[in-house]
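S.K.: no sequence on this one, just coordinates:
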């Protein structure tokens with residue numbers, strides 16, 4: 001019993017400690033970098049490459065928005081598929097830049113509330129997207145482990161007969177396999193399972209969500225690979241980006257600012273010039289994070305203005321404008337309680 005409070009405090013401190021370690025790595029790399037080479041590599045990127053990266057980024061965001069469209073078929077809420085896709089795209093852009101608590105949860109719940117969707121149904125949509133997204137991450141990571149040459153770990157880790165590679169692949173496939181198995185058996189689960197059967201999607205839709213997540217992650221990796229102009233193998237770039245995503249989620253740094261760059265540089269610096277890598281990463285952050293954030297902010301602001309004018313006539317404009325703030329407070333309270 002005495003260990004439980006200590007373990008809880010250690011669990012809460014772990015993301016902070018990891019963030020300190022990663023940011024220390026960022027500072028160390030920043031001191032060593034030749035910033036003149038970074039500036040030169042960034043200015044040398046052709047406009048055609050930047051335009052192609054913007055198109056790939058837009059496709060990646062569209063694929064992620066597809067989670068909300070699929071979830072609509074599972075939950076059967078009242079919002080239309082086009083409205084659902086818009087909510088998914090807006091929330092994803094906010095999630096990337098502001099963090100999962102505000103963008104992935106609070107923003108999505110608020111937008112669905114404005115669309116007339118019940119909170120319980122909106123929560124199901126959020127849960128479906130999270131499960132599908134990370135199952136897709138695991139599936140693509142398993143493919144990277146199988147096919148990337150070389151893998152981003154020290155040569156001393158090599159085991160006879162690629163045992164480490166095969167073991168890691170099997171471990172990555174456990175969760176997606178278990179999720180699909182539960183989805184397939186959801187109608188046969190006992191009453192002791194509680195609300196779990198209702199929270200699970202039919203297995204064809206769950207499989208479609210995982211496939212969509214693989215496409216979304218692959219498009220994100222392709223965007224960075226395109227900005228590197230094919231200078232590195234695609235599988236290596238994808239592996240570095242997947243590692244960076246986990247590090248960003250674990251450290252809770254908004255937008256993974258600095259974490260993405262530190263992890264990718266540490267992983268790929270032996271295969272490409274650090275200046276070239278960082279230039280591509282800065283361009284990647286601009287097209288995959290910055291441009292969608294500008295679009296989402298303008299789109300959401302337009303919604304607030306439209307609702308505000310409508311609410312002024314009905315006498316409810318103030319409560320509508322406070323929706324996001326209340327949603328953020330409720331999400332933060334829930335996180336603190338857990």
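M.R.: Sure thing, it's come through. Not measured: the values here are computed from a predicted model. Numbers count the residues shown, from 1 in each chain.

S.K.: give the contact list for residue 115.
M.R.: By CB atoms under 8 Å, 6 or more residues apart in numbering, the residues touching residue 115 are 78-79, 83, 87. The C-beta positions use only the backbone N, C-alpha and C, and glycine is treated the same way.

S.K.: Just among those residues, which is most surrounded?
M.R.: Each of those was scored for neighbours by other CB atoms under 10 Å, and residue 87 scores highest at 26 neighbours.

S.K.: helices and strands of this structure: which one bottoms out on pLDDT?
M.R.: helix 317-321 (a mean of 44; mean pLDDT, DSSP states H and E).

S.K.: Might you specify the subset of the contacts of residue 115 located within helices?
M.R.: Mapping these onto helices (DSSP state H) picks out 83, 87.

S.K.: could you dump the contacts of residue 115 to TSV with distance to residue 177 and pLDDT?
M.R.: What follows is those, written out as TSV (distance: CB to CB, whole Å; pLDDT from 0 to 100):
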residue	distance to residue 177	pLDDT
78	34	84
79	31	86
83	33	90
87	30	91
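
S.K.: Name the member of the contacts of residue 115 with the shortest distance to residue 265.
M.R.: residue 87 (34.3 Å; CB to CB).

S.K.: Give me the pLDDT for the residue lying closest to the closest one once chain neighbours are set aside.
M.R.: The shortest distance from residue 87 to any non-neighbouring residue, by CB to CB, 6 or more residues apart in numbering, is to residue 111 (4.5 Å). Confidence at residue 111, expressed as pLDDT, is 90.

S.K.: Just list what the helix or strand where residue 111 lies packs against, helices and strands only.
M.R.: Per DSSP states H and E, residue 111 falls inside helix 108-114. If you count contacts as 3 or more CB pairs under 8 Å, 6 or more residues apart in numbering; DSSP states H and E, helix 108-114 packs onto helix 81-98, helix 119-147, helix 291-314, helix 323-337.

S.K.: hmm, 6 Å instead?
M.R.: helix 119-147, helix 323-337 (3 or more CB pairs under 6 Å, 6 or more residues apart in numbering; DSSP states H and E).

S.K.: and these, which one is worst for confidence?
M.R.: Mean pLDDT is lowest for helix 323-337 among those, at a mean of 53.

S.K.: Counting neighbours, which bits of the helix holding residue 111 end up buried?
M.R.: 108-114 (16 or more other CB atoms under 10 Å).

S.K.: Rebuild those as a markdown table, extending it with distance to residue 73.
M.R.: Below are those laid out as a markdown table (distance: CB to CB, whole Å):
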| residue | distance to residue 73 |
| --- | --- |
| 108 | 17 |
| 109 | 20 |
| 110 | 22 |
| 111 | 18 |
| 112 | 15 |
| 113 | 20 |
| 114 | 21 |
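
S.K.: rewinding a little: could you check how far the residue nearest to residue 87 is from residue 218?
M.R.: Distance of residue 111 to residue 218, computed by CB to CB, to the nearest Å: 27 Å.

S.K.: Distance to residue 186 added to the contacts of residue 115, as CSV?
M.R.: Shown next, in CSV, are the contacts of residue 115 (distance: CB to CB, whole Å):
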residue, distance to residue 186
78, 23
79, 24
83, 27
87, 25
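
S.K.: Considering the contacts of residue 115, which is situated nearest to residue 42?
M.R.: residue 87 (33.9 Å).

S.K.: That closest one against residue 109, yeah?
M.R.: No - the pair residue 87 / residue 109 is not scored as a contact, 9.9 Å apart, by CB atoms under 6 Å.

S.K.: one step back: for the contacts of residue 115, which one is nearest residue 61?
M.R.: Proximity of those to residue 61 (CB to CB) peaks at residue 87, which lies at 12.6 Å.

S.K.: measure that closest one to residue 107 for me?
M.R.: In this structure, residue 87 and residue 107 are 9 Å apart, going by CB to CB.

S.K.: again with residue 72
M.R.: From residue 72 to residue 107 the distance is 17 Å (CB to CB).

S.K.: now do residue 214
M.R.: 24 Å.
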